[in-house]
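Undergrad: need coordinates for the below:
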Amino acid sequence: MMNSFHTKILFLLLLLSFTACKKNEKTTTVSAATEKNEIEYSTNLSIYKYDGYSVVTVLNPWPDANKDFVYILKEKNTAVPDSLQKYTQITVPLQSIVVTSTTNIPFLEMLGVEKSLVGFPHTDYVSSEKTRKLIEAGIVKNVGQNERLNMEKLIDLAPEAIVTFGIDNNNPMIANLEKNGLKVLIQADWMEQSPLGKAEWIKLYAALFGKEKEGKILFDNIVKSYNNALQSVAGQKAEKTVLYGSMYQNQWYVAKGNSWVAQFMKDAKSNYLWAATEGSGSLGLSFENILDKAKNADIWIATGSFKSAEELGNSNPHYQQFDAFKTKNVYTFESKLGATGGTIYYELAPSRPDLVLKDYIKIFHPDLLPEYNFTFVQKLN
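TA: Here you go, the predicted structure:
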């Protein structure tokens with residue numbers, strides 16, 4: 001997803017679609033009652049490790065999905081039980097992979113397997129300097145766009161797995177990939193609302209590359225860092241009132257109270273003005289409704305890659321009515337861009353929720369992290 005335009009669209013779909021995920025009748029997934037699920041925080045992923053193979057189940061890959069997806073990650077020369085033969089089998093560890101979301105790039109780099117990446121759609125979206133060097137060296141090929149992947153190029157590259165995502169129950173591109181003999185794995189990290197749940201998808205990539213131990217250590221360190229940040233604000237009161245978002249066409253979308261964004265603001269001890277709004281999606285409101293409730297908000301977390309308050313104000317002169325604009329307490333997570341225009345926050349934030357949380361804490365309680373500098377945030381002066 002995914003950076004720039006496609007990331008924004010997918011994030012918007014995420015916010016709009018999550019009013020309440022309906023329970024649908026789904027295909028029966030693998031029972032593994034005698035084994036331990038390697039996943040602790042994610043609600044959309046399970047990994048059960050057996051001798052020589054793992055059973056991976058991806059649940060709720062998109063809003064109102066009508067089935068789950070099961071994959072068997074098997075080591076070479078391992079016999080898989082007959083009961084699992086109907087599922088897609090992928091031989092691990094992988095030597096080559098194509099991913100279709102910039103949120104996957106940090107996982108590959110953290111595990112030290114970025115050189116296994118052979119293709120990515122619209123490579124300009126990638127911000128990481130390490131992977132950009134691989135793109136510039138011709139190691140990572142541009143394979144089109146998510147909705148129009150270059151089938152001939154993918155067949156020529158012959159990756160051992162393509163990790164992609166869907167947004168609804170109609171996915172002709174995914175069906176076409178499979179029809180051409182390519183191994184496709186659907187992921188659902190973008191559906192996670194828990195900050196640590198998103199980050200835990202590193203364990204999927206660890207399983208794909210035979211680096212389960214390394215993946216667990218990396219994730220455990222993120223959990224520790226996140227919990228340490230939580231502890232730093234444990235004694236603080238949520239006093240700063242917060243406005244979030246900005247106008248998108250004729251609507252202002254505020255994150256609902258159970259969303260990924262709202263969870264960070266809650267954990268950072270702030271008084272997010274829509275925290276009590278039920279659901280994990282977004283709520284589209286008129287400007288008048290926003291102004292009525294948030295005119296006097298202490299802080300505004302604006303969406304968009306604005307570089308200054310002047311640029312923000314010029315985009316909509318009505319923004320100047322907010323107290324947070326007048327007092328220059330406007331921040332954005334989206335202004336820092338990679339060399340080719342990709343948004344760094346979209347790429348890295350899902351895999352490093354500890355840094356996102358620290359950024360929020362630095363905004364709301366700057367004295368608590370005097371030595372910490374913003375990773376994603378920029379104050380619009």
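
Undergrad: per-residue confidence for Phe18?
TA: Listed pLDDT for Phe18 reads 37.

Undergrad: same question for Cys21.
TA: pLDDT at Cys21 comes out at 39.

Undergrad: ditto for Glu35
TA: 76.

Undergrad: now it: closest residue in space that isn't a chain neighbour?
TA: Of all residues not flanking Glu35 in the chain, Tyr48 sits nearest, at 4.4 Å (CB to CB, 6 or more residues apart in numbering). C-beta here means a position set from N, CA and C on the backbone, and glycine is covered the same way.

Undergrad: any idea which element that neighbour lies in?
TA: strand 45-50 (DSSP states H and E).

Undergrad: what of Leu243?
TA: With DSSP H and E as the test, Leu243 turns up in strand 241-244.

Undergrad: tell me which strands that strand pairs with, and in which orientation.
TA: Strand pairing for strand 241-244, determined by DSSP bridges: strand 271-272 (parallel), strand 299-302 (parallel).

Undergrad: list the helices and strands the strand holding Tyr48 packs on?
TA: The elements that strand 45-50 packs onto, with contact taken as 3 or more CB pairs under 8 Å, 6 or more residues apart in numbering; DSSP states H and E, are strand 53-58, helix 202-208.

Undergrad: name the residues that touch the last one?
TA: Spelled out, it's helix 202-208. Identification of contacts with helix 202-208 by CB atoms under 8 Å, 6 or more residues apart in numbering yields 38-39, 45, 47, 54, 56, 73, 90, 92-94, 97, 104, 107-108, 110-111, 113, 161, 185, 187, 211-212, 214-216, 218-219, 351.

Undergrad: among these, name the buried ones.
TA: For those, a neighbour count by 16 or more other CB atoms under 10 Å gives the buried set as 38-39, 45, 47, 54, 56, 73, 90, 92-94, 97, 104, 107-108, 110-111, 113, 161, 185, 187, 211-212, 214-215, 218-219, 351.

Undergrad: can you get me a residue count around the closest residue to Val356 other than its chain neighbours?
TA: Closest residue to Val356 apart from its sequence neighbours, by CB to CB, 6+ apart: Ala349 at 5.1 Å. Residue neighbour count, defined by other CB atoms under 10 Å, stands at 24 for Ala349.

Undergrad: and Ala349, how far from Val242?
TA: Taking CB to CB, to the nearest Å as the measure, Ala349 falls 18 Å from Val242.

Undergrad: output the strand holding Tyr48 as PDB, restricted to C-alpha atoms.
TA: What follows is strand 45-50, C-alpha atoms only, in PDB (Å, rounded to 0.1, in the frame of the first residue of the first chain):
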ATOM      1  CA  LEU A  45      -2.800 -13.600  11.700                       C
ATOM      2  CA  SER A  46      -1.900 -16.900  13.200                       C
ATOM      3  CA  ILE A  47       1.200 -19.000  12.800                       C
ATOM      4  CA  TYR A  48       1.400 -22.600  14.200                       C
ATOM      5  CA  LYS A  49       4.800 -24.100  14.000                       C
ATOM      6  CA  TYR A  50       5.200 -27.900  13.300                       C
END
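
Undergrad: per-residue confidence averaged over it?
TA: Strand 45-50 shows an average pLDDT of 97 in the prediction.

Undergrad: how about residues contacting that strand?
TA: 30, 32, 35-39, 54-59, 188-189, 200-201, 203-204, 207, 212.

Undergrad: got a pLDDT number for Leu14?
TA: On pLDDT, Leu14 comes in at 43.

Undergrad: ugh, wrong one, I meant Gln249
TA: Gln249 is given a pLDDT of 89.

Undergrad: just give the number of residues close to it.
TA: Using other CB under 10 Å: Gln249 sits among 7 other residues.

Undergrad: and for Gly338?
TA: 21.

Undergrad: single out the most deeply packed of the strands paired with strand 241-244.
TA: When these are scored by mean count of other CB atoms under 10 Å, the highest mean neighbour count falls to strand 299-302 (a mean of 24).

Undergrad: CA atoms only for it, dumped as CSV, please.
TA: Only the C-alpha atoms of strand 299-302 are listed here, as CSV (Å, rounded to 0.1, in the frame of the first residue of the first chain):
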residue,chain,number,x,y,z
ILE,A,299,-3.3,20.8,19.4
TRP,A,300,-4.1,19.9,15.8
ILE,A,301,-2.6,16.8,14.2
ALA,A,302,-3.1,17.6,10.5
